[in-house]
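>>> sequence first, predicted model second:
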Protein chains: 2
Amino acid sequence: MYITTIMETAYDKQLLSVIRRLIISLRVFQTESKFCEDLTFTQYSILSYVARTGSLEMSALHTLLSVEKSTTTRLVDPLVKMGYLKKTQSAHDSRAVELHLTGRGKAVFKNVQDCISDFMVDMGNSIPENKREDVIQSLEIFIRSMDRCCNPGECCKKQ
Amino acid sequence: MYITTIMETAYDKQLLSVIRRLIISLRVFQTESKFCEDLTFTQYSILSYVARTGSLEMSALHTLLSVEKSTTTRLVDPLVKMGYLKKTQSAHDSRAVELHLTGRGKAVFKNVQDCISDFMVDMGNSIPENKREDVIQSLEIFIRSMDRCCNPGECCKKQ
DNA sequence: CCATTATGGTTGTAATATACAACCATAATG
DNA sequence: CATTATGGTTGTATATTACAACCATAATGG
């Protein structure tokens, strides 16, 4: 009983420490790094979502990225300016905007994709082969538990 | 052989997807959320590093946080202004600044700690008990592999 | 069929996190 | 003692993001 308590405390500390280090390590994907073709990770993600579906509405995109619609506009903007994405009016809702890859967009996306893919392979390779399944699965669990417990207004804000 | 290739590709995709979702889920800790006592997660971390060591130099802190020294100054600043931290000159190096918790700082830290601790317990609880060890371990592996493969100037920037 | 409400998107404004460069003071080195 | 290195701050700039206000169009419900 006593031991359980101690171990639970230790576990919480580990969790906290892991979260801190995760945030630091994941920083590579957020600010600093223009990957290749001068795109950020998020911009690459946007291209990849559009590529995957052929044509994507802004509203779908802001759901995928989990950001405000205004932020979506601002993230997409440079991609349009650089000529990688094209905006067209949706057929069934004249308010909605559809995103498409341009010819150049496709080419650039292919490049970045290779680049990111190299990265992922590298990363995958530095995880011992027999652990890979576990790692992914654990990450899934971790993410789910974070999402479950961090509903806005709940925990930590209850006070 | 063929199957292996396919599975490796799938694995990379999973990794990519997991990274994206991690970034989104961890956002709670970064911008939005003032936890309690109007502190951000990073500010809480700073208090906790100082509390742990009793007195901490700025240079040690920017190593712990993995940020530029100028950023450290700016993160610490509000905590000093709010009267939670005190800066003193180091005894053995008159250039160096030591951080200490004030009385108020200690009280506030205690509060936030309880708050964060609740959060961690919640989070821990939403991970099935028999998976907890695995999750932590996998996260450790994941972090290590990210740090190993993302050295600045390496992968993705090679081109 | 029109009035109200909801939705999709953009723009204005602001906060935060962060880096890099320039700088000052003090230490360390040779 | 001259040069170089280190600890910290301040100036400046960029990216990410939110919220609020707004416009246009859609949907709903008397």
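Nice, thanks for sending it over.
>>> sketch out the low-pLDDT regions of chain A for me.
Segments of chain A classed as low confidence (criterion: pLDDT under 70) are A:1-9, A:31-33, A:150-159.
>>> ok, which stretches of chain A are strands?
Ranges of strands in chain A, per DSSP state E, are A:56-57, A:85-89, A:97-101.
>>> for DNA strand D, find the nearest of the ones you listed.
Taking Cβ to the nearest atom of the strand, strand A:85-89 is the member of the strands of chain A nearest to DNA strand D, at 8.8 Å. Where you see a C-beta, it was placed from the backbone N, CA and C, and this is true even at glycine.
>>> is any part of the closest one close to DNA strand C?
Yes - against DNA strand C, strand A:85-89 shows contacts by Cβ under 7 Å from any atom of the strand at residue A:87.
>>> now do that strand: which elements does it pack against?
Packing partners of strand A:85-89 (3 or more Cβ pairs under 8 Å, 6 or more residues apart in numbering or on different chains; DSSP states H and E): helix A:41-53, helix A:69-81, strand A:97-101.
>>> 6 Å instead?
strand A:97-101 (3 or more Cβ pairs under 6 Å, 6 or more residues apart in numbering or on different chains; DSSP states H and E).
>>> and the strand it packs on, anywhere near DNA strand D?
No - using Cβ under 7 Å from any atom of the strand, strand A:97-101 stays clear of DNA strand D, coming no nearer than 11.4 Å.
>>> just checking, what packs against that strand?
So strand A:97-101, by 3+ Cβ pairs under 6 Å, 6+ apart, packs with helix A:41-53, strand A:85-89.
>>> what about that strand, near DNA strand C?
Yes - judged by Cβ under 7 Å from any atom of the strand, strand A:97-101 comes into contact with DNA strand C at residue A:97.
>>> quick one: strands adjacent to that strand?
Sheet pairing of strand A:97-101 (DSSP bridges) gives strand A:56-57 (antiparallel), strand A:85-89 (antiparallel).
>>> got the angle between it and helix A:41-53?
90 degrees (axes from the mean of the first three to the mean of the last three Cα atoms, to 10 degrees).
>>> what does strand A:97-101 rub up against?
Strand A:97-101 is contacted from outside by A:50, A:51, A:55, A:56, A:57, A:58, A:85, A:86, A:87, A:88, A:90, using Cβ atoms under 6 Å, 6 or more residues apart in numbering or on different chains.
>>> what's the PyMOL line that selects buried ones from these?
Here is the PyMOL command that selects the buried residues among the contacts of strand A:97-101 (16 or more other Cβ atoms under 10 Å in any protein chain shown):
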select buried, chain A and resi 50+51+56+57+58+85+86
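>>> coming back round to it: need the strands paired with strand A:97-101 in a markdown table (columns: distance to residue A:103).
Output for the strands paired with strand A:97-101, formatted as a markdown table (distance: least, Cβ to Cβ, whole Å):
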| stretch | distance to residue A:103 |
| --- | --- |
| strand A:56-57 | 17 |
| strand A:85-89 | 10 |
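>>> for residue A:43, which non-adjacent residue is closest in space?
When the adjacent residues along the chain are set aside, residue A:43 lies closest to residue A:79, with 6.0 Å between them (Cβ to Cβ, 6 or more residues apart in numbering or on different chains).
>>> and chain A, what are its domain boundaries?
A:1-32, A:33-149 (automatic domain parsing).
>>> ranking the ones you listed by burial, who's on top?
Ranked by mean neighbour count, the domains of chain A are led by domain A:33-149 with a mean of 17 (mean count of other Cβ atoms under 10 Å in any protein chain shown).
>>> distance between it and the chain's centre?
7 Å (Cα atoms, centre = their mean, to the nearest Å).
>>> do the same with stretch A:18-33
That offset, for stretch A:18-33, works out to 12 Å (Cα atoms, centre = their mean).
>>> list the contacts of that stretch.
Here stretch A:18-33 makes contact (Cβ under 6 Å, 6+ apart) with A:41, B:23, B:26, B:66, B:139, B:143, B:146, B:147, B:150.
>>> just the CA coordinates of it, formatted as PDB?
What follows is stretch A:18-33, C-alpha atoms only, in PDB (Å, rounded to 0.1, in the frame of the first residue of the first chain):
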ATOM      1  CA  VAL A  18       9.000  12.700 -20.200                       C
ATOM      2  CA  ILE A  19       6.600  15.400 -21.200                       C
ATOM      3  CA  ARG A  20       9.200  18.100 -20.800                       C
ATOM      4  CA  ARG A  21      11.700  16.300 -22.800                       C
ATOM      5  CA  LEU A  22       9.200  15.500 -25.500                       C
ATOM      6  CA  ILE A  23       8.300  19.100 -25.900                       C
ATOM      7  CA  ILE A  24      12.000  20.000 -26.300                       C
ATOM      8  CA  SER A  25      12.700  17.200 -28.800                       C
ATOM      9  CA  LEU A  26       9.600  18.000 -30.900                       C
ATOM     10  CA  ARG A  27      10.700  21.600 -31.200                       C
ATOM     11  CA  VAL A  28      12.600  20.600 -34.300                       C
ATOM     12  CA  PHE A  29       9.300  20.200 -36.000                       C
ATOM     13  CA  GLN A  30       7.800  23.400 -35.000                       C
ATOM     14  CA  THR A  31       9.800  26.600 -35.100                       C
ATOM     15  CA  GLU A  32      13.400  26.300 -36.200                       C
ATOM     16  CA  SER A  33      13.400  23.900 -39.000                       C
END
